[in-house]
Every structure is written in C-alpha cells, then in structure tokens.
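A.B. asks: only the shape, not the letters, is given here:
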DNA sequence: CTGCTCATGAGGTACGTGCCTCATGACCTA
DNA sequence: TAGGTCATGAGGCACGTACCTCATGAGCAG
C-alpha cells in the first residue's frame, strides 16, 4: 500500500549502464575531460537524455570538497538601496555556507564603469564560479562581462541588466512594468492641472532607462494631458537629488507630482520637507529604505515601488546553484515581484 | 594573496575531537540513539555549540539514501487560489526532487475540519517527515496537528495559521496588515457617501479573521464615517458569493465599495458585470487568479491583494529543509510579501 | 569473585560524485 | 612487425554522514 521509494534518482552508474560504457567514460564526458571519441560522447549524452539523469550538485560539491564560490559586486556610495542589497547578501552568507556556497562581496564606485570592469577582470575561475553584478551600460563593462564569461566565470546581472552580453541571467524586476505602474498611480493621484517631473539616476542604467520608457508610454496612453518635465539625472546621489528637487519646486509652482525613478531619496524627502509643500505634491519613489520609509510616514512620499533586495539575493543564490550544474540550457529564475508600498502597508 | 579555503565547515569528526569522545558517540547523540550517559551527551552538545557544528543535510540525506518526504494538504473545491497553490506545488516538484525532497499532494474538501484531520491522522513518520496544511480553526484539526507532531510528523501551516498548536511554522502573509491595506485603499478610492460591504469565506479561517480585524481597525481609525455592511460568509464558493453580491447590489443602492476578503471571486465579478454597475463600485479582492485578473482588466475590480503562492511554496520547501536539520531552535522563514495589483501592474 | 548490564570506542560499508592510477587492447605509422 | 598513440575499462580513495557490528572495560548485584 505504501508507495515508498517509487522512483530512484538516476545516477552516473545508471548512465554508464544505459550508454554501455564504463563509469570512467561517463565521468570524462560529464566533466569535459579529454580522451573520449565524439561517437562515444554522443552515446553518453543520449543516455543522459534518455534516462533523465541530473547530476547531484550536493554530492558533487561534497566529492570535490569545494564550495561554490560567488562574488557579488555592488555599487558603493550614498545609494541606500545598494547598501540594503549588500546587507541582504551578508544576511544570507551563513545560510549559503551551510549549502556549500561561499559568498564574497565587493563594493565598487557607483556609475564607474571602469571600476566595475576592473573588478570583473580580477576574477578568475579558480576562485570564483559566478559573479553577480549590478551593471551599468558602458563599453568597458560589456567587454569585461564577455571576457569573464569566456574565462569561465559565469556572470549574472542583478537589479540592472546588461542585454546583448554573455551574462547568463538577469535577476530583478520588470522595470518597464514598474514605470507603467508609477505612471498609472501618478495619473490617479495627481490633482487637476499639475505637471509631473521625472528624476533618474543615470541614463546609463538599464533599469532607469526601462522605468522611464514604461512611465512615458503609460502616461501618454492614459493621461496624455499631463505635462512632463525631465528626465533630470541626479546620479543616485543624495545631495544632487536634493538640489534638483529644491530647484524644481522653486521654479514650477504648478508642479503636481514627482517621480524619482532612481535613488537619492534622502535628498528628495529633505527638499520636499524644506519646501513646506510636503503633502501637496504627489511623489512616487523606488525602493523601501530608511528615507523612503520616513517619507511615506510623513506623507512626503505617496507610493514606493520596491524590488525586495532580500528576495533578489535569494533568487540569485538559487540561480547560481542551477548554473553550477553546468546545464547549458537556459536557466530561469523565479520572477521578482514589484512591491507597492503606501503608508498603510509598510513592513 | 588568494583567500581560498579560509574556513572549513566543522564536521562530526571535529565534534568528536572537541568533545573528547568517539565518532560513534557523537553519532548516537546526533541521531538520538540510546546508550549515551546524560553527562556525555552534555559534553557533545557543548562541543557542538562551541565549534558551531551544523549537520550537512545533503550528506545526511545521501548517507541515508533517503529523500525528505513532504506532504501538502490543500483544500479542494471551486476556490481558484487553492488550485493555483496546488499548481505551484507541482511546478516545484522536479526541482525539489533534485534537492532530495519528495513531494506528495492531497486535496481535501474545503472547510471540512474532519476531512483535514483524517488526512493528517493518516500520516506516519515512516513516510512523511513534514506535513504542510492550509488550516481551518476547528477542534478536530487542532487535535490532529498536535497528534501528528507527537507522532514525529512536523506540521507547518500555509496561508491560514493555527496558533496555539504544535505547528512548527506559519508560511503566509501578515493578514492583519493585508486587511489594513485594503481599508486604506478603499478609503482613498471610495466615492463620497458610499457604504462598504465585507464578504468573508469563513470565520473559521484564521486568515479571514485577521483580514477582517485589520480592515475594521484601519477603517475605523482613518475613515470612521464609512458605514460597514457585513461580514457575510460566502464560504469561498463561486455561486454563493455571486448570490451574495447580487443581493447586496440590489438592496443597497448607496453601496460604494466591496471588500471580498475570501475567495469565490468568479461569482463576485459575474454579479458585478451582470448588475451594470461595474466600474462604479470600488472593489478590492484577494489573490491574483483568472477571475480577479479578468476583473482587474474589465475594471470590475480595482485592487487585488495577492500572496504569491509560488513564493509560499518555495518558502515552505526551504523551511522544511531547515526543520529537517532537527534544529529545535525556532525556525524562521522568509516573510511573504503582500502583493498589490492594479490593472497596470498585472503580471 | 563471577557474571551481568551498559557506556563507549574502533572500524567498516554505503550513498553519488570527482579524480586518480594502471591495465588493456585497438589502431596507426614507420 | 615493432613501437607508438589513444580510447576505454577497472578499481580505489575521498568528501560528510548514517548505521552496523564487535570489542573493551567499568560498574554493579549476588
């Protein structure tokens, strides 16, 4: 009656038997070692497909006495979200180690393509299986990603993608959708006759570009009469963003809303509070961090769109494990959801 | 220069050495076998704590030639969310198997405590390490959960909790917060002078009770002048809910909003569309399923609060692995976020 | 002291995989 | 035909843990 041990996982032994070869040959094929005729390798590959063999990652790591080595490269600076991303990484480090994943984190100057590229160039497959980077779209970074990939260091992008490169996977939200959502909420909340200003961090960041595109498209489609100011680049810096917002508020008395699709929210909130126009302007920002939380509570910010750094790190770790199986099929990660936060559902 | 193999994970050998006992004794302690004096067990426990030993789950499962056995018990019926929960389980089955977790799913009649209890009673530790159930608050279920726990079958609750029992963990959203969020959005979106009706599935479900409490409290605090109708129980059934909504619309011409905190949304949307008052009533519902998606697109529903079944299953599997380490410390799971969906950010 | 129980140690095998050595035999070339 | 190269097989050891058997010695009751 009990259906215990119905199915047994296929092992390398099963593959050997099915392919009519020895264990050693299966091993040579699986681990890409030389000394196997193409025809024999074919037989083995066919057997693997036929019986649906999947390498046992844990046993493999155990046998090699080796942990998976991951390197996170995260922008440094006054961007609170990046800090929380780094925090999320260290919060997972212990759990990851228990699953034989060794995590290293490096911080590089934000929006500095050369620094990111240099950091990538320093990685070699001997001590890093996979690099997880927050990419900016610059030629040096593109080249470094492809070079790392050729060297045998898999690369995944986090938060901001780098399409058209050898990066194996992007972990992050659908930023076009995020921009659309911002537009739709802005349109609903905006008082009659106001204009909307858009602030971005950098137009070299894929995520910011995507948000802007989504925001523009949705606003045009649903609220075509709302005038748009910007985008203005605040470089994700607190002080620069503060200056921009202060200036906007001073020079545009008709300003009804601000969409900050980048970081620097400390400056955003400070400028709003200093202006005395706090609750009168509809403000949408990104990422639940200390300044945006404060802004939500005080009413300076109406909506925060969030991408849940902790969930992203979790997804990245899971994806890295899958990548490590050496699967050359496309790896898919669980999608990261866009969180919408109002004053009322603050975590 | 390279910092390879800085730290080695502690093994049972290290524990034996640190405690000054043999491997066999460490093994007896770790696996709760008899034949160890209390004083010796103490020494081993102290050594484990001192060197921070953590059992390697993968190696353990490998050695036992045994998968972790998990049983999901999910309500059956016309509740689309429960269907998507079951789908999420089967979607993860393969991946779980690759990590040596064997998943079984059972469906039992919704809101039928006796059926759920019987299903739990049928589980024995020989073929089930952990049961994951969607609980309803009934004495038979409480008893069955505690009995299973005593028998050696760990129990976790999913979606709807069962506090005051031996259940090891609850995986789900903060339903009080969800109710508060619904109230806050309803208050903002509601036209002047309308009343709000609340529909629940069952007041035996902890999640529904919590949502109701949160909704009431927040509405009272922020929008005390909005009259409340209900709660009316729709038993998470499509047709019953449809009848309730049709009746509400007919008998309350001043009705401004509906908060359906349970399921049966197919009926909700059908009744709204049939009434011709589609877009005029502010409607908030739970769970992104086929009917609520349709409702969002057509404008019949304004907001859907979602709890991401796929993420819940993932969290449940991760938690089950942690539980299996036999850790008697409290296990914590990643929190599940409340998703807020408007027409604009539909996945 | 004898005979017993019981805590503990010693050491083996197994799990699935990686990596190593060595032997064998087929085939090619000079 | 001799010598070489090369594909393949056979088998062992290791990783961290589980589980088994057997030996040893301490402690105790009679």
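C.D. replies: Yep, it's here. What you see is a predicted model; the values in this text were computed from it and never measured. Numbers count the residues shown, from 1 in each chain, chains lettered A, B, ... in the order given.
A.B. asks: only C-alpha atoms from now on, for both contacts and neighbour counts.
C.D. replies: Fine.
A.B. asks: so where's the longest helix in chain A?
C.D. replies: Using DSSP state H to define each element, chain A has its longest helix at helix A:80-98.
A.B. asks: list the buried residues of whatever helix or strand comes next after that helix.
C.D. replies: Per DSSP states H and E, the first helix or strand lying C-terminal to helix A:80-98 is strand A:101-109. By 16 or more other Cα atoms under 10 Å in any protein chain shown, the buried positions in strand A:101-109 come out as A:101-103, A:107-108.
A.B. asks: and whichever helix or strand comes after strand A:101-109, anywhere near chain B?
C.D. replies: Sequence-wise, the next helix or strand downstream of strand A:101-109 (DSSP H and E) is helix A:113-121. No. Applying Cα under 8 Å from any Cα of the partner chain, one finds helix A:113-121 separated from chain B by no less than 14.9 Å.
A.B. asks: which residues touch helix A:113-121?
C.D. replies: For helix A:113-121, the surrounding residues in contact (Cα atoms under 8 Å, 6 or more residues apart in numbering or on different chains) are A:73, A:108-109, A:131, A:136-138, A:140-141, A:143-145, A:147-148.
A.B. asks: turn those residues into TSV, including pLDDT, secondary structure and distance to DNA strand D.
C.D. replies: Formatted as TSV, these follow (pLDDT from 0 to 100; DSSP: H, G, I helix; E, B strand; the rest coil; distance: Cα to the nearest atom of the strand, whole Å):
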residue	pLDDT	secondary structure	distance to DNA strand D
A:73	97	strand	28
A:108	95	strand	33
A:109	93	strand	37
A:131	97	strand	25
A:136	92	coil	39
A:137	93	coil	41
A:138	93	coil	42
A:140	95	helix	39
A:141	95	helix	37
A:143	96	helix	35
A:144	96	helix	34
A:145	97	helix	33
A:147	95	helix	29
A:148	94	helix	29
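A.B. asks: quick one: which of those has the most company?
C.D. replies: Counting neighbours by other Cα atoms under 10 Å in any protein chain shown, residue A:145 comes out on top of those with 28 neighbours.
A.B. asks: look up how far residue A:154 lies from that residue.
C.D. replies: Distance of residue A:145 to residue A:154, given as Cα to Cα, to the nearest Å: 9 Å.
A.B. asks: contact partners for residue A:252?
C.D. replies: Residue A:252 neighbours (Cα under 8 Å, 6+ apart): none.
A.B. asks: backbone dihedrals for it, please?
C.D. replies: Phi and psi for residue A:252, reported as degrees, to the nearest 10, are phi -130, psi 80.
A.B. asks: try the one 5 residues further on
C.D. replies: In this entry, residue A:257 is assigned phi and psi values of phi -150, psi 150 (degrees, to the nearest 10).
A.B. asks: identify the residues contacting it.
C.D. replies: A:186, A:190, A:194-197, A:281-284.
A.B. asks: which ones among the residues you listed lie within strands?
C.D. replies: The strands, defined by DSSP state E, take in A:195-197, A:282-284 from the contacts of residue A:257.
A.B. asks: from residue A:153, how far out is the residue in the stretch 101-250 of chain A that DNA strand C sits nearest to?
C.D. replies: Closest approach between the stretch 101-250 of chain A and DNA strand C, counting by Cα to the nearest atom of the strand: residue A:126, at 11.3 Å. According to Cα to Cα, residue A:126 and residue A:153 sit 9 Å apart.
A.B. asks: same deal with residue A:305?
C.D. replies: Taken as Cα to Cα, the span from residue A:305 to residue A:153 is 33 Å.
A.B. asks: swap in residue A:29?
C.D. replies: In this view, residue A:29 and residue A:153 are 21 Å apart by Cα to Cα.
A.B. asks: residue A:52 now?
C.D. replies: Relative to residue A:153, and taking Cα to Cα, residue A:52 is found at 27 Å.
A.B. asks: what residue in the stretch 201-347 of chain A comes nearest to DNA strand C?
C.D. replies: For the stretch 201-347 of chain A, Cα to the nearest atom of the strand, closest residue to DNA strand C: residue A:325, 8.0 Å.
A.B. asks: the stretch 1-150 of chain A now?
C.D. replies: Nearest residue of the stretch 1-150 of chain A to DNA strand C (Cα to the nearest atom of the strand) works out as residue A:11 at 3.2 Å.
A.B. asks: quick check: closest non-adjacent residue to that residue.
C.D. replies: Computed as Cα to Cα, 6 or more residues apart in numbering or on different chains, the closest residue to residue A:11 that is not its neighbour in sequence is residue A:53, at 6.5 Å.
A.B. asks: ok, the buried residues of strand A:101-109 vs chain B, which is closest?
C.D. replies: Nearest to chain B, judged by Cα to the nearest Cα, of those is residue A:102 at 9.5 Å.
A.B. asks: I figured the closest one was touching residue A:66, is that so?
C.D. replies: No. Residue A:102 is not in contact with residue A:66 according to Cα atoms under 8 Å; the separation is 9.3 Å.
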